[in-house]
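Asker: show me how the following folds:
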Amino acid sequence: MASFLDLDSMDEGEATPPICTSRFVFGCELNSSARSYTFKVSEEDDSDHFLALNMACLSEGAKDECNIVEVVGRDYQNKEVAVPVANLKLSCQPWLCLDNFEFQPPVTFRLRSGSGPVHLSGQHQIFHRKDLSDDDFSDDEEESIDQEEELSPIKPAKKKQKS
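Answerer: Okay, here's the model as predicted:
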């Protein structure tokens with residue numbers, strides 16, 4: 001799965017590559033009373049968060065009208081941009097596969113037109129930083145590694161002689 005996270009582009013001095021340790025189901029509904037949803041995380045959190053959207057679909061009660069969902073985020077110059085990502089209509093395209101379309105928070109999903117309800121589903125991925133240096137091995141881990149090295153090779157069983 002492709003990701004914004006590119007381990008090859010890490011700085012050489014960076015000794016803490018991110019490790020994905022948590023994945024959670026994500027879902028939200030956009031409708032006439034809740035026209036937007038913002039996916040954000042705490043600023044104190046030093047983990048890397050990603051939202052991979054899988055699907056946008058109309059739900060029960062949707063009218064046969066164009067429901068345009070747009071993503072509001074920031075570009076490389078930190079300017080706000082709004083980009084339409086789905087145009088759903090009950091009679092011709094009631095759902096759309098978004099194939100793990102990834103976003104970094106904060107990102108807002110907005111129902112630009114239509115009344116929905118439109119459901120967005122995906123996966124919230126958290127990459128925690130972990131130091132992988134030799135100092136992180138505990139004594140127990142070192143002992144188990146030493147024991148593995150000291151094991152004698154397996155010897156074939158002796159055949160019993162018939163009397």
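
Asker: quick one: contacts for Phe39?
Answerer: Residues counted as contacts of Phe39 (C-beta atoms under 8 Å, 6 or more residues apart in numbering) are Phe26, Cys28, Leu51, Phe103, Pro105, Pro106, Val107, Thr108, Phe109, His124. Backbone N, C-alpha and C define where each C-beta goes, glycine included.

Asker: what's the helix or strand for the fifth one?
Answerer: With secondary structure defined by DSSP states H and E, Pro105 is part of neither a helix nor a strand.

Asker: repeat for the first one
Answerer: Per DSSP H and E, Phe26 falls inside strand 18-30.

Asker: for that strand, which strands pair with it and how are they oriented?
Answerer: Strand pairing for strand 18-30, using DSSP bridges, gives strand 118-129 (antiparallel).

Asker: and the strand it pairs with, what's buried?
Answerer: Val118, His119, Leu120, Gly122, Gln123, His124, Gln125, Ile126, Phe127 (16 or more other C-beta atoms under 10 Å).

Asker: and of those residues, the nearest to Arg35?
Answerer: Nearest to Arg35 among these: Val118, at 10.1 Å, using C-beta to C-beta.
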